[in-house]
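*Asks:* How does the following fold in three dimensions:
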Amino acid sequence: MASKKERFKKSKIALLFVTSFLSMIFFDIKFIYFAPFIIFLFYRLGFISILWISIFIGLFQDLFSSVFFGINAISYFLTSILLYNQKRFFNDKPINLSIFTVVFSMIFSIFNILLFFIFDKKLALSLKWLVSDIILFPILDGIYTLILFAIPIWLFEKFMVLGFKNLWIRCKILIFQKSR
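*Replies:* Next up, the predicted model:
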């Protein structure tokens, strides 16, 4: 039987995957939807497992995109190879998930641009396009991660540590103290 801590980790992983999947379906913005999920798994799985998951996530995302099939898989794979060992610079805290997502998104965008250039020779690069893809969209990915992943993970951890009853009591105490 799985311990409470293992169920807690599995429930966070499932929550992140479902959030990434629903974001991919409902948002029509150029996010790298599964980057927070893969980064979260960096701290919980080994290198080979991360590479396989990156490939499968990329292929899964390719099924729902209009780009050349396999480009997202290759980009997730190469980005995971490059950044897996860099996780030591970011501790396993929810806020660092958004910061690491910005870095992941920048590297992913660079690989995507290179792969698009390799497979589509008539691709016209412009400074505006490069700045938006390498700077603006990764920052938006970080904000997306903060709102949809980091804050809910932090709240979920607080809820699991304190429990619902204790959380409710603390909220009532805080409200009562502020009303005085």
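*Asks:* Report the rounded mean pLDDT for stretch 31-49.
*Replies:* Mean pLDDT, stretch 31-49: 82.
*Asks:* What are the buried residues along that stretch?
*Replies:* Across stretch 31-49, burial judged by 16 or more other CB atoms under 10 Å covers 31-42, 45. Every residue, glycine included, has its C-beta placed from N, CA and C.
*Asks:* Then stretch 132-145?
*Replies:* Buried-residue list, stretch 132-145, by 16+ other CB under 10 Å: D133, I134, F137, P138, L140, D141, G142, Y144, T145.
*Asks:* hmm, who's touching that stretch?
*Replies:* 23, 29-32, 35-36, 97-99, 101-106, 109-110, 112-113 (CB atoms under 8 Å, 6 or more residues apart in numbering).
*Asks:* now the most centrally placed residue in the chain: how far from N85?
*Replies:* The structure's the chain has its C-alpha centroid closest to P36; by CA atoms, centre = their mean the separation is 1.1 Å. Distance from P36 to N85, counting by CB to CB, to the nearest Å: 19 Å.
*Asks:* do W129 as well
*Replies:* 30 Å.
*Asks:* cool, and F64?
*Replies:* 30 Å.
*Asks:* Now do the same for the host helix or strand of F156: mean pLDDT, whole number.
*Replies:* F156 belongs to helix 151-179 when elements are defined using DSSP states H and E. Averaged over helix 151-179, pLDDT sits at 68.
*Asks:* follow-up on the earlier one: pick out whichever of the buried residues of stretch 31-49 sits closest to I153.
*Replies:* Nearest to I153, judged by CB to CB, of these is F40 at 8.1 Å.
*Asks:* Name the nearest residue to that closest one, sequence neighbours excluded.
*Replies:* L16 (5.5 Å; CB to CB, 6 or more residues apart in numbering).
*Asks:* Identify the residues contacting the one you found.
*Replies:* Counted by CB under 8 Å, 6+ apart, L16 has contacts P36, F37, F40, F149, I153.
*Asks:* list the buried ones in the helix or strand where S105 lies?
*Replies:* In the assignment (DSSP H and E), S105 maps to helix 94-119. Neighbour counts using 16+ other CB under 10 Å place 94, 96-113, 115-116 of helix 94-119 among the buried residues.
*Asks:* Sweet, I'm off.
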